[in-house]
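Asks: only the shape, not the letters, is given here:
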């Protein structure tokens, strides 16, 4: 059952982990960008494609990642409530994510269904109105749910995510989450075009940053640097990123280069 929950979620996280932290309605100088809906975010062979309703809300998300079985494409349809908050995100294969909001329309949790059965949920915590923690749980037996993954988010003074710490089940006590590594982020001062979709990204355990990440430093559970990722962007006349060369690898070691592209409506 755990894999059934993790695969659809991680399939989205794989491509959106870059999108969420690298691609605002506001520029670094506070100037509002008029119209820049992302229709495709592609990194290597992986991508997410978005189509929109007439009011600008997301209608459909199509994702291809290596996490999906046989690198297949998964399509999610998105529905909204009267307040234009997401009420349901359903895949054609039957996975469904149902958001639950507080009285002030803040995302409290998201229930996950496989078919008609509730198989897990994502619990959210906030600090100073910023998402500080997202915990994924899965059904163990009956009505018992256990945590299987947790992200904890730290922010810099600009409101961008400066650190994402991951926690996974421990080997001694599987129901207890232990540190599994973390990533530190550095940003430019340009606009992230996916920041306006921060509610959508939160459903996928990803907070959106206002600016574009230019460097990631990945550390393992022992605080040892095990990867470094650097982004070199091309921007359009609005200051929005349209492409990037992404280089991964530790200093003085072989580097892997991947092309990233962003297409707009």
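Replies: That came through, no problem. Predicted model only: the values in this text are computed from it and were never measured.
Asks: what secondary structure does residue 62 sit in?
Replies: strand (DSSP: H, G, I helix; E, B strand; the rest coil).
Asks: check contacts around the closest residue in space to it that isn't next to it in sequence.
Replies: Once flanking residues are discounted, residue 62 sits nearest to residue 49: 4.3 Å by CB to CB, 6 or more residues apart in numbering. C-betas here are computed from N, CA, C, even on glycine. By CB atoms under 8 Å, 6 or more residues apart in numbering, the residues touching residue 49 are 39-40, 61-63.
Asks: buried among these? Make that a PyMOL selection.
Replies: What follows is the PyMOL syntax selecting those of the contacts of residue 49 that are buried according to 16 or more other CB atoms under 10 Å:
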select buried, resi 61+63
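Asks: quick one: residue 48 and residue 58 touch, right?
Replies: No - using CB atoms under 8 Å, residue 48 is not in contact with residue 58; the gap is 10.5 Å.
Asks: between the two, who's got more neighbours?
Replies: Taking other CB atoms under 10 Å, residue 48 and residue 58 do not tie; residue 48 has more neighbours (25 against 20).
Asks: from the chain's centroid, how far away is the helix or strand where that one lies?
Replies: Take DSSP states H and E as the rule and residue 48 turns out to sit in strand 46-52. Mean C-alpha position of strand 46-52 versus that of the full chain (CA atoms, centre = their mean, to the nearest Å) differs by 13 Å.
Asks: what's the answer for stretch 234-245, then?
Replies: Here stretch 234-245 is found 20 Å from its chain centre; the criterion is CA atoms, centre = their mean.
Asks: how far does it stretch from start to finish?
Replies: Terminal residues of stretch 234-245 are spaced 9 Å apart (CA to CA, to the nearest Å).
Asks: can you check stretch 120-133 too?
Replies: End to end - CA to CA - stretch 120-133 spans 16 Å.
Asks: count of residues packed around residue 91?
Replies: For residue 91, the count of nearby residues is 17 (other CB under 10 Å).
Asks: need the contact list for it.
Replies: For residue 91, the contact set (CB under 8 Å, 6+ apart) comprises 8, 74-77.
Asks: just the residues you listed: which are in strands?
Replies: 74-77 (DSSP state E).
Asks: what helices and strands are in contact with the strand or helix carrying residue 153?
Replies: Per DSSP H and E, residue 153 falls inside strand 144-155. Applying 3 or more CB pairs under 8 Å, 6 or more residues apart in numbering; DSSP states H and E, one finds that strand 144-155 contacts helix 2-22, strand 117-127, strand 130-141, strand 161-169, strand 177-187.
Asks: which residue is the nearest non-sequential neighbour of residue 265?
Replies: Nearest non-adjacent residue to residue 265, counting by CB to CB, 6+ apart: residue 37, 4.0 Å away.
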